[in-house]
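J.: quick one, structure for this:
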Amino acid sequence: FSSFSLAQVICLPILGRLSDHFGRRAVLIGSLFGAAIGSFCQGLAPNYWCLMAARVISGGCGAVGSTANVYVSDITHEASRGQYLGYLMNANGAAFAFGPGLGGGLSRLGLNIPIEINGCACLVACLMAFSYLPESPVFVRQQLDSARMAGQKHGSTGWSSFPASVWAVCGVEFLRGMSFSAIFALYGLFANRVFGMDSLHIGYAVCVGALTLICTNVWLTHPLECVLGHIGSAALGTTTMAVGELSMAFAPNLYLSLLGMWSVYMGQAIAGCNIAAVTSMLATDENRGEVMSMQQMAQASGRVVGPIFLGHLADIHPHLPFAAAAVCVFLATGILLSISTAHERRVEDSLYDVPLLASPKPIAEEVTKEDIKELGTFLCDLLTEGGYQWHEESQREALKKALKCYFPPLVFDARTGLAEETVPPVFAAAAKDVGAVGGATPFGTPNPNMRPVTSVGAECNFTGDDSNFLRSPMLGRSASFNRRPFQRAGRPHRVGA
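T.: Residues are numbered from 1 along each chain as shown. I've put the predicted structure just below:
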């Protein structure tokens, strides 16, 4: 059993980095195939060492859970990401709830039959992923960007480039893993020693806990996200875990102890998906796989260290492990609250992200050279009349960057048949890219007497010091370049298809 967990901890960062370099789809398919091979080898192992080697293969390929989290994070919007990560967590909860019973029933046909059935299930999942699972659009976009930027210098990569908030989340996950290990490693012994529960009733109690986790994710997690946000919901989840651990540590009877255990499962559900959503937001498209695998590795390390540390406390007093577990998740709550500012800032920055919904079909009509020349001439005349300078190469490059922010990609809404602009056309982003300071840009200083024309439907809200702005004829309002020049728009606006 330890070989499985150890292989999982070691392979988590490796698979995360591979998913960033070779794609989420390739890693998911390869890991499912490897898990199938590992299961078949376990069922057919002729001796102990072959069984251990097969367990290592299964553990290493079983670390693909973080890649699944990354894929879900890639294809969902920040507002609903926690909800879909909760659905993914439900799959694990259902496996823990119903897997032991199914395995026990199949074991009557032979001790190796459940393992072989597991291998068949992994193989079927591998074939389904190969046939129906497309590559993550984030990874595809990342590869295209890398091809365009070939030969240019990139920022530092690797663990040293992770912001402090990512390491803080890893600390939270380590503490949460240690705390939750008190349930699956020690609660059975505790309930038997203190309350005289037998193994059958302990199994029933754990199944109820898994069902509590599933129900929480289905009916409670998303409403909490809407009210408290990801950081607030995660902090509430870890606090609920702490209260449950304290209830188990000091409960005077079995019923309060069981309520405490089920509270821990509820808190685990609330905290798990929200912390995963926070981690995905703190990462970038280039390192999301590696960052989220680091988060999973930290939690797995806590589950490895937890039973050892808490087991020593159990030798001193049976209630001490749960009190220590409560302290761990209380500390995790404090760390989560300390990174709320970094998370909010990253959420604001996500307004620049390209939407990941299905793109409209390309225009069938060919564009002639005359059309391109006419549009280019119109643009140059428009800039000249407006007093913008574009004759030098640096000015034209700055203009290209600005145009990318003026005209974000459109996505197609199949329900309405309209093209939808999910990212507001924020001029401040262009100004930040081209290095505007004090109202001056590479295009020249705009005439303060010019009256800007407001475009219909623009929903960008700007705040800041009016003494440091650049007037945008397209947006028709002042865009401050101090810190955060925009606020989140209420709803995306519609533009013509």
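J.: who's in contact with Val329?
T.: Leu175, Arg176, Ser179, Thr238, Thr239, Met241, Ala242, Glu245, Gly267 (C-beta atoms under 8 Å, 6 or more residues apart in numbering). Where you see a C-beta, it was placed from the backbone N, CA and C, and this is true even at glycine.
J.: which one of those residues is nearest to Leu213?
T.: Gly267 (9.6 Å; C-beta to C-beta).
J.: I'd like the distance between the closest one and Phe162.
T.: Here the criterion is C-beta to C-beta, to the nearest Å. By it, Gly267 lies 26 Å from Phe162.
J.: quick one, which of those two is more surrounded?
T.: Gly267 (27 against 18; other C-beta atoms under 10 Å).
J.: run the chain-centre distance for the helix or strand hosting the more buried one.
T.: Using DSSP states H and E, Gly267 falls within helix 254-282. How far helix 254-282 lies from its chain's middle: 17 Å, per C-alpha atoms, centre = their mean, to the nearest Å.
J.: for that helix, buried residues please.
T.: Neighbour-count burial for helix 254-282, counted by 16 or more other C-beta atoms under 10 Å, picks out 257-258, 260-282.
J.: and for stretch 378-392?
T.: Neighbour-count burial for stretch 378-392 flags Leu383, Tyr388, Gln389, Trp390 (criterion: 16+ other C-beta under 10 Å).
J.: can you put those in CSV and add secondary structure?
T.: CSV is the format used below for these (DSSP: H, G, I helix; E, B strand; the rest coil):
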residue, secondary structure
Leu383, helix
Tyr388, coil
Gln389, coil
Trp390, coil
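J.: next, count neighbours for Pro223.
T.: For Pro223, using other C-beta under 10 Å, the count is 11.
J.: gap between it and Thr76?
T.: 17 Å.
J.: repeat that for Ser146.
T.: Distance, Ser146 to Thr76, by C-beta to C-beta: 23 Å.
J.: more neighbours: which of the two?
T.: Using other C-beta under 10 Å, the more surrounded residue of Ser146 and Thr76 is Thr76, with 17 against 12.
J.: what's the helix or strand for the nearest residue to that one once chain neighbours are set aside?
T.: Leaving aside its chain neighbours, Thr76 sits nearest to Tyr84 (4.9 Å; criterion: C-beta to C-beta, 6 or more residues apart in numbering). For Tyr84, the host element (DSSP H and E) is helix 78-106.
J.: and the next helix or strand past the strand or helix carrying Phe180?
T.: Using DSSP H and E, Phe180 maps to helix 164-181. Next in sequence after helix 164-181, counting helices and strands by DSSP H and E, comes helix 187-195.
J.: quick one, that next one and helix 254-282 angle?
T.: 160 degrees (axes from the mean of the first three to the mean of the last three C-alpha atoms, to 10 degrees).
J.: for whichever helix or strand comes after helix 187-195, name the packing helices and strands.
T.: Going down the chain from helix 187-195, the next helix or strand is helix 199-219, by DSSP H and E. Helix 199-219 sits against helix 78-106, helix 187-195, helix 254-282, with contacts defined as 3 or more C-beta pairs under 8 Å, 6 or more residues apart in numbering; DSSP states H and E.
J.: show me which positions of helix 199-219 end up buried.
T.: Buried positions in helix 199-219, judged by neighbour count with 16+ other C-beta under 10 Å: Ile202, Ala205, Val206, Gly209, Ala210, Leu211, Thr212, Leu213, Ile214, Thr216, Asn217.
J.: how about the first one: what's its closest non-neighbour residue?
T.: Meaning Ile202. Gly188 (4.8 Å).
J.: likewise the fourth one?
T.: Take Gly209 and drop its neighbours on the chain: the residue closest to it by C-beta to C-beta, 6+ apart is Tyr265, 4.0 Å away.
J.: how about the fifth one?
T.: With C-beta to C-beta, 6+ apart as the measure, Ala97 is the residue that lies nearest to Ala210, at 3.5 Å, once sequence neighbours are left out.
J.: give me every residue that touches the residue nearest in space to the middle of the chain.
T.: Nearest to the geometric centre of the chain sits Ser280, at 3.0 Å (C-alpha atoms, centre = their mean). Shown in contact with Ser280 (C-beta under 8 Å, 6+ apart): Asn69, Val70, Ser73, Arg81, Arg288, Met292.
J.: how much distance is there from stretch 170-186 to the middle of the chain?
T.: Going by C-alpha atoms, centre = their mean, where stretch 170-186 is centred and where its chain is centred differ by 20 Å.
J.: which positions within it qualify as buried?
T.: Using 16+ other C-beta under 10 Å as the test for burial, stretch 170-186 gives 170-183, 185-186.
J.: taking the residues you listed together, which two end up most distant?
T.: Cys170 and Leu186, at 24.0 Å, using C-beta to C-beta across these.
J.: state the number of residues packed around the residue nearest to Ala210.
T.: Neighbour count of Ala97, defined by other C-beta under 10 Å: 19.
J.: could you do Ile117 as well?
T.: If you count neighbours by other C-beta under 10 Å, Ile117 ends up with 16.
J.: next one: Gly311
T.: Neighbours of Gly311 (other C-beta under 10 Å): 15.
J.: element containing it, please.
T.: Counting by DSSP H and E, Gly311 is found in helix 288-316.
J.: which strands or helices does that helix pack on?
T.: Using 3+ C-beta pairs under 8 Å, 6+ apart, helix 288-316 sits against helix 2-22, helix 65-75, helix 164-181, helix 254-282, helix 320-338.
J.: what are the buried residues along it?
T.: Across helix 288-316, burial judged by 16+ other C-beta under 10 Å covers 288-304, 306-307, 309-310, 313-314.
J.: still on that earlier bit, and the helix holding Phe180 with helix 320-338, angle?
T.: Using the same axes, to 10 degrees, the direction of helix 164-181 lies 160 degrees away from that of helix 320-338.
J.: could you list every helix and strand in contact with helix 164-181?
T.: helix 221-250, helix 254-282, helix 288-316, helix 320-338, helix 340-349.
J.: and that helix, average pLDDT?
T.: The average pLDDT within helix 164-181 is 93.
J.: of the buried residues of stretch 170-186, which is the nearest to Lys369?
T.: Cys170 (54.5 Å).
J.: surely the closest one is in contact with Ser301?
T.: No. Cys170 is beyond contact range of Ser301, at 9.1 Å (criterion: C-beta atoms under 8 Å).
J.: residue contacts, the closest residue in space to Ile10 that isn't next to it in sequence?
T.: Residue nearest to Ile10 in three dimensions, not counting chain neighbours: Gly60, with 7.2 Å by C-beta to C-beta, 6+ apart. Shown in contact with Gly60 (C-beta under 8 Å, 6+ apart): Ala7, Gln8, Ile10, Cys11, Gly34.
J.: number of nearby residues for the fourth one?
T.: Read it as Cys11. 24.
J.: that one contacts Thr67, correct?
T.: No. Checked against C-beta under 8 Å, the pair Cys11 and Thr67 is beyond contact range at 10.7 Å.
J.: where does the prediction get shaky in this protein?
T.: 1-2, 101, 148-160, 349-366, 405-497 (pLDDT under 70).
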